[in-house]
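> Could you look at this predicted model? Sequence included:
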Amino acid sequence: MQFQTADLCDAHHEALQVVAPGLQNFGGKTRFFGRIRTVTLDEDNKALIELLQKEGNGDIAVVDAKGVFCAIVGDTLMGYAQKNNWAGIVVNGYVRDIDNTRTIDVGLLALGTCPKKSRKRAEGVRGEPVTFLGVTFKEGAWLYADNDGIIVSPNALF
């Protein structure tokens with residue numbers, strides 16, 4: 001399905017949240033949408049790995065890694081996402097292996113890159129609202145992303 005976030009904003013501006021600038025595209029898809037599934041991490045991506053190893057049904061994993069400077073997603077996790085039908089991953093944090101992640105047909109938005117892998121420190125939390133870049137992402141809401149930006153809607157827009 002083709003869409004433009006700018007057109008969706010024009011048609012539904014009262015119902016939408018617009019994510020502030022700050023995320024860059026590191027995935028193979030530049031345009032993607034789906035229902036939000038949330039994960040909060042503390043330098044330990046185990047909860048995200050477990051989520052991506054399950055059927056995604058076209059959903060988007062929204063990950064609050066609190067901007068800690070270590071890679072939360074790389075080509076292995078992107079491979080899980082592709083295999084299990086995830087539309088994308090949005091990370092308030094960093095990624096690595098971007099030469100490979102850009103060849104995988106899944107959206108990947110993050111603050112930037114970092115070669116250092118995550119540590120195994122603490123269990124993550126899934127399903128709770130997360131807030132970053134001016135938006136509160138709630139489980140079950142809809143996210144739409146393209147080269148113009150990212151918008152979040154409480155309901156499907158088409």
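Arrived safely, thanks for sending.
> And the strands in this protein?
17-18, 24-25, 32-40, 60-64, 71-73, 88-92, 94-95, 107-110, 112-113, 125-126, 130-132, 135-137, 142-146, 149-153 (DSSP state E).
> Pull the distance from the first one to the chain's centre.
What that stands for is strand 17-18. The gap between where strand 17-18 is centred and where its chain is centred comes out at 15 Å by CA atoms, centre = their mean, to the nearest Å.
> try the third one
For strand 32-40, the distance between its averaged C-alpha position and the chain's averaged C-alpha position is 6 Å (CA atoms, centre = their mean).
> which intervals of the protein have sub-threshold pLDDT?
121 (pLDDT under 70).
> hmm, back to that, just send the strands of the chain back as a markdown table, with mean neighbour count and distance to residue 4 too.
Placement of C-beta: from N, CA and C, glycine included. Below are the strands of the chain laid out as a markdown table (neighbours: other CB atoms under 10 Å; distance: least, CB to CB, whole Å):
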| stretch | mean neighbour count | distance to residue 4 |
| --- | --- | --- |
| strand 17-18 | 17 | 14 |
| strand 24-25 | 16 | 16 |
| strand 32-40 | 22 | 11 |
| strand 60-64 | 26 | 18 |
| strand 71-73 | 27 | 26 |
| strand 88-92 | 28 | 17 |
| strand 94-95 | 24 | 25 |
| strand 107-110 | 26 | 15 |
| strand 112-113 | 16 | 26 |
| strand 125-126 | 15 | 31 |
| strand 130-132 | 18 | 24 |
| strand 135-137 | 19 | 19 |
| strand 142-146 | 23 | 6 |
| strand 149-153 | 21 | 10 |
